[in-house]
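Trainee: this is a predicted model, with the sequence first.
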Amino acid sequence: MSFRKFLVFGIGRLIPDRMWIQIKYYQWFRKLPNLKNPQTFNEKLNWLKLYDRRPEYTTMVDKYEAKKYISDRIGVQYVVPTIGGPWHSFDEIDFDILPEQFVLKTTHDCGGVLICKDKKSFDKVKAKKFLEEHLRNNYYLTCREWPYKNVLPRIFAESYMKDGENDFLPVYKIMCFNGEPKVIQSIQNDKQPNESIDYFDTDWNLLILKQNFPNSEAPLSKPVHLNEMLEIARVLAKDKYFLRVDLYVINDEISFSECTFYSDAGLAEFKPADWDEKLGRWIKLPENMGGYRVILNGMIIEIHISEKELTEFTMDENNRIISAIEKEQIDQLTDYKFFCFDGNVKALFIATDRADDKIETKFDFFDANYNHLALSQGHPNATEPPKKPAAFELMKRLASELSKGIPQLRVDFYEVGNRIYVGELTLFHFSGNVPFQPELWDYTFGSWIQLPNKE
């Protein structure tokens, strides 16, 4: 194993997603991404890796399973036919059932593609080495593109598609922002040494823009079926913050290639650089939310809590919203954060004034009996310490149950009306990088963490 692979697939798998994303972003841009309030296109894509995780995304990026998903939404006529598989290993492939020309693909990663133009001269030894190496590749770990995490690595065969004398089909990659196509990448000589990419708006006006590859010397003409291609992308991108829909035009017919949630993994520099901000403005992210899901009577209930309102949605098994079953205004959202040490609640802090952009957030710390502590961290105390919540003992008991067996866990709750909602679970409070005032409290909290004996 190379040192790079050891870092990614060995040590790297132990690093949390958020930290790994920050490391990768810094490698490319020599600065950390703003994940708290993302502004640029690349920052927002990396934010989406962490916080937009719908089960259907896994199906959409699985190159085999996506075919049915796409057929159900835009029609089977746009899907390149599958002619064999899926197979879990190269040795399972039945070459006798395959025609003289075919394409082998892996389901779960990028670049796992082999084209066979003549089965008699097809080098199976070389093909086996190539495809089995791809089967071992955990594509999710490289850049933490979450939809790939649970895709089952397999091989399948599909029809070899050729347009006249063109061995390398041009690809049209339609970038959609909150469901609306805005930019089209036109690619010639895809995945070849002389690959080139041109960028167009949806009226096929050439844009002065490039990323990883040079622009072409002769940009492609406007596709005859452009409006139909845009409508296909619009259907597939509905209700998604960002989606790139890749299409071919083969013998005057549109064919689906793949869906991509993170164009260039959110790690490609734009030239000119201001396109990063311009495209970023087109992605409208939701307000930061706390919340959780439960399954009740066979339905998925999703709770979203923002700084201003609570909305409770009923959703089906495909993660589609059926109805909003409750919505109420919240004048002030209070956050209760319990510090737990292997099931023992030792302290908590309460965040107030978070809903008002003109007032600084206040943090007040209390012990497990709700005695106010002379302590601050990151934000000042409130003028008047917040009152003890009605459900304090219940929150404390729930926090204790959730943290059993974990050396340190912060369990966050909201109390809205007469109900409690879980905000989040945090293993590394402020990433361990915000000082306590007075400093003695850093040692006090430290004494509550019982680390395992490694001797």
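Mentor: Received the coordinates, thanks.

Trainee: low-confidence ranges, the stretch 101-250 of the chain, go.
Mentor: 164-167 (pLDDT under 70).

Trainee: for residue 183, see how far away the residue sitting nearest the centre point of the chain is.
Mentor: The C-alpha lying nearest the average C-alpha coordinate of the chain belongs to residue 49 (CA atoms, centre = their mean; 2.2 Å). For residue 49, the distance to residue 183 (CB to CB, to the nearest Å) stands at 20 Å. Every residue, glycine included, has its C-beta placed from N, CA and C.

Trainee: which element is the residue nearest to the centre of the chain on?
Mentor: Per DSSP states H and E, residue 49 falls inside helix 41-51.

Trainee: could I have that helix exported to CSV, CA atoms only?
Mentor: C-alpha atoms of helix 41-51 as CSV (Å, rounded to 0.1, in the frame of the first residue of the first chain):
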residue,chain,number,x,y,z
PHE,A,41,-19.6,27.2,-4.0
ASN,A,42,-16.8,24.9,-2.7
GLU,A,43,-17.6,25.7,0.9
LYS,A,44,-21.3,25.0,0.5
LEU,A,45,-20.6,21.6,-1.2
ASN,A,46,-18.5,20.6,1.7
TRP,A,47,-21.2,21.8,4.1
LEU,A,48,-23.7,19.6,2.2
LYS,A,49,-21.4,16.6,2.6
LEU,A,50,-21.9,16.9,6.4
TYR,A,51,-25.5,18.0,6.8
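
Trainee: contacts only, for residue 28.
Mentor: Going by CB atoms under 8 Å, 6 or more residues apart in numbering, residue 28 touches 267-269.

Trainee: swap the cut-off to 6 Å and go again
Mentor: Listed by CB atoms under 6 Å, 6 or more residues apart in numbering, the contact set of residue 28 reads residue 267.

Trainee: work out for me the element it sits within.
Mentor: With DSSP H and E as the test, residue 28 turns up in helix 17-29.

Trainee: number of nearby residues for residue 191?
Mentor: The number of residues packed around residue 191, counting by other CB atoms under 10 Å, is 11.

Trainee: just the element for it, please.
Mentor: Going by DSSP H and E, residue 191 is not in any helix or strand.

Trainee: apart from its neighbours in sequence, what residue is nearest it?
Mentor: Of all residues not flanking residue 191 in the chain, residue 111 sits nearest, at 7.3 Å (CB to CB, 6 or more residues apart in numbering).

Trainee: against residue 393, how distant is the one you found?
Mentor: Shown here: residue 111 relative to residue 393, a distance of 55 Å by CB to CB.

Trainee: do the same with residue 407
Mentor: 24 Å.

Trainee: for the residue lying farthest from the centre of the chain, helix, strand, or coil?
Mentor: Going by CA atoms, centre = their mean, the residue of the chain most distant from its centre is residue 120, 42.2 Å out. Here residue 120 is helix, with the state taken from DSSP: H, G, I helix; E, B strand; the rest coil.

Trainee: can you pull out the helices in the protein?
Mentor: For the chain, the helices defined by DSSP state H occupy 3-5, 17-29, 41-51, 55-61, 66-74, 124-135, 139-143, 226-236, 274-282, 392-402, 440-447.

Trainee: would you map out the domains in the protein?
Mentor: Here the domain assignment for the chain is 1-32, 37-54+168-284, 81-160, 290-329, 335-447, based on automatic domain parsing.

Trainee: got TSV for the ones you listed, with distance to residue 71 too?
Mentor: What follows is the domains of the chain, written out as TSV (distance: least, CB to CB, whole Å):
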stretch	distance to residue 71
domain 1-32	32
domain 37-54+168-284	9
domain 81-160	11
domain 290-329	15
domain 335-447	38
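
Trainee: those: which one's closest to residue 68?
Mentor: Proximity to residue 68 (CB to CB) singles out domain 81-160 among these, at 9.8 Å.

Trainee: measure the closest one end to end?
Mentor: Length of domain 81-160, first residue to last, CA to CA, to the nearest Å: 9 Å.

Trainee: do stretch 441-453 as well
Mentor: 24 Å.

Trainee: buried set for that stretch?
Mentor: By 16 or more other CB atoms under 10 Å, the buried positions in stretch 441-453 come out as 441, 445.

Trainee: how far away is the residue farthest from the centre of the chain from residue 159?
Mentor: Taking CB to CB, one finds residue 120 at 18 Å from residue 159.

Trainee: residue 71 too?
Mentor: From residue 71 across to residue 159, the span is 15 Å (CB to CB).

Trainee: one more: residue 235?
Mentor: Separation of residue 235 from residue 159 (CB to CB): 24 Å.

Trainee: for residue 250, same thing?
Mentor: Applying CB to CB to residue 250 and residue 159 gives a distance of 10 Å.

Trainee: residues near residue 252, how many?
Mentor: Residues near residue 252, counting by other CB under 10 Å: 9.

Trainee: got a list of what the closest residue in space to residue 63 that isn't next to it in sequence touches?
Mentor: In space, and not counting its chain neighbours, residue 63 is closest to residue 107: 5.0 Å by CB to CB, 6+ apart. Remark: with contacts taken as CB under 6 Å, 6+ apart, residue 107 is in contact with 62-64, 154.

Trainee: about what we covered before: so how far is residue 73 from the residue farthest from the centre of the chain?
Mentor: Note on residue 120: its distance to residue 73, by CB to CB, is 39 Å.

Trainee: again with residue 34
Mentor: 34 Å.

Trainee: now swap in residue 409 and tell me
Mentor: 41 Å.

Trainee: repeat for residue 188
Mentor: Distance from residue 188 to residue 73, by CB to CB: 28 Å.

Trainee: higher neighbour count, these two?
Mentor: Using other CB under 10 Å, the more surrounded residue of residue 188 and residue 73 is residue 188, with 21 against 12.

Trainee: wait, isn't that one in contact with residue 216?
Mentor: Yes: with contact defined as CB atoms under 6 Å, residue 188 reaches residue 216; the gap is 5.4 Å.

Trainee: shared neighbours of these two, anything?
Mentor: Taking CB under 6 Å, 6+ apart as the contact rule, residue 188 and residue 216 both touch residue 196.

Trainee: which stretches of the stretch 251-400 of the chain have low pLDDT?
Mentor: For the stretch 251-400 of the chain, the ranges with pLDDT under 70 are 287-333, 354-358.

Trainee: try 50
Mentor: For the stretch 251-400 of the chain, applying pLDDT under 50 flags the ranges 288-313, 315, 319-331.

Trainee: neighbours of the nearest residue to residue 414 once chain neighbours are set aside, how many?
Mentor: Closest residue in space to residue 414, ignoring its immediate chain neighbours: residue 421 at 4.5 Å, by CB to CB, 6+ apart. Other residues lying near residue 421 total 17 when counted by other CB under 10 Å.

Trainee: before we move on, what about residue 429?
Mentor: Applying other CB under 10 Å, we find 16 other residues in the vicinity of residue 429.

Trainee: now the one 4 residues further on
Mentor: The local packing count at residue 433 equals 8, with neighbours defined by other CB under 10 Å.

Trainee: just residue 372 next, same as before
Mentor: Neighbours of residue 372 (other CB under 10 Å): 12.

Trainee: no further questions, thank you.
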